[in-house]
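Engineer: Quick one: sequence plus predicted model below, questions after.
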Amino acid sequence: METKNLAALRKSYEQGELDEQHAAGQPLDQFRHWLEQALAAELPEPNAMTVATVGPDGRPSTRIVLIKDFDERGIVWYTNYASRKGRELEHAPFAALQFHWVELERVVRIEGRVEKVSAEQSDAYYRSRPLDSRLGAWASPQSEVISSRAVLVANAAKAAIQHGLNPDRPPHWGGYRLVPDRWEFWQGRRSRLHDRIRYRPAEGGGWLRERLAP
């Protein structure tokens with residue numbers, strides 16, 4: 001089967017627009033509005049976001065995780081602290097997030113400092129997960145080399161025997177919160193003249209809202 005000519009692929013973005021007058025005064029309000037629209041549209045995994053981190057060698061890496069909470073303090077997700085992303089965040093506690101709601105022709109980019117959420121918050125979320133997912137947090141040495149899938153299956157069975165139906169949260173697993181200091185909202189437009197609205201901290205507090213060239 002022949003590969004399509006990638007250079008010839010074209011799409012005209014025509015679903016929406018975003019200008020300074022209609023963008024929310026606070027980036028969190030704009031994010032909430034767009035996320036609610038993505039949820040209402042029943043997009044596939046509207047809560048999926050890319051997390052980008054940088055290692056000690058200066059090499060960036062990305063992966064997809066799921067947003068699990070957000071408020072005025074920031075954006076929260078959960079993972080293995082000993083994973084590659086965890087090790088990189090330990091080295092450089094900053095990250096960039098990206099949501100791509102392709103069906104709505106929208107992208108949200110968020111940058112900022114990353115901190116761990118409280119143990120109490122991690123415990124509460126861990127308890128809310130299905131049992132298989134809770135045991136999986138014990139079973140997977142995330143980002144480490146393993147010989148086969150059989151290792152994971154064996155680890156999960158061992159965790160089930162050891163921890164039973166009510167496992168405690170592993171000490172190496174919990175939540176991160178990105179505290180935003182940059183937000184960007186991208187709406188696709190015709191002729192590649194896309195709308196980009198950025199929010200950054202203003203002197204004296206609050207947020208400065210400005211348009212970026214596409």
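Structural biologist: It's in.

Engineer: At which residues are the strands of this structure located?
Structural biologist: Along the chain, the stretches classed as strands by DSSP state E are 48-54, 60-66, 69-71, 74-80, 94-101, 106-116, 173-187, 195-201, 207-211.

Engineer: Next, count neighbours for residue 163.
Structural biologist: 15 (other C-beta atoms under 10 Å). Backbone N, C-alpha and C define where each C-beta goes, glycine included.

Engineer: For the protein, give me the ranges with low pLDDT.
Structural biologist: 1 (pLDDT under 70).

Engineer: Give me the residue at the spatial middle of it.
Structural biologist: Nearest residue to the geometric centre of the chain (C-alpha atoms, centre = their mean): residue 49, 3.4 Å.

Engineer: For the closest residue in space to residue 108 that isn't next to it in sequence, give me its contacts.
Structural biologist: In this structure, residue 108 finds its nearest non-sequential neighbour in residue 99, 4.4 Å apart by C-beta to C-beta, 6 or more residues apart in numbering. Taking C-beta atoms under 8 Å, 6 or more residues apart in numbering, we find residue 99 in contact with 35, 38, 46, 48-50, 67, 106-108.

Engineer: Would you quantify the distance from residue 99 to residue 186?
Structural biologist: 10 Å (C-beta to C-beta, to the nearest Å).

Engineer: Which neighbours do the two have in common?
Structural biologist: In contact with both residue 99 and residue 186: 106-108, using C-beta under 8 Å, 6+ apart.

Engineer: hang on, the earlier thing: my read: the residue nearest to the centre of the chain touches residue 96, true?
Structural biologist: No: Residue 49 is beyond contact range of residue 96, at 10.1 Å (criterion: C-beta atoms under 8 Å).

Engineer: Isn't residue 213 up against residue 197?
Structural biologist: No: if you go by C-beta under 8 Å, residue 213 and residue 197 don't touch, sitting 11.9 Å apart.

Engineer: Quick check on these two: which one has the bigger neighbour count.
Structural biologist: Remark: of residue 213 and residue 197, residue 197 carries more neighbours, 21 against 6, as counted by other C-beta under 10 Å.

Engineer: quick one: contacts for the more buried one?
Structural biologist: By C-beta under 8 Å, 6+ apart, the contact list for residue 197 reads 18-20, 23, 30, 184-185, 209-212.

Engineer: With respect to residue 73, which of those residues is nearest?
Structural biologist: Comparing those against residue 73 with C-beta to C-beta places residue 30 closest, at 16.9 Å.

Engineer: Was I right to think the closest one contacts residue 185?
Structural biologist: Yes: counting by C-beta under 8 Å, residue 30 does reach residue 185; the two are 5.8 Å apart.
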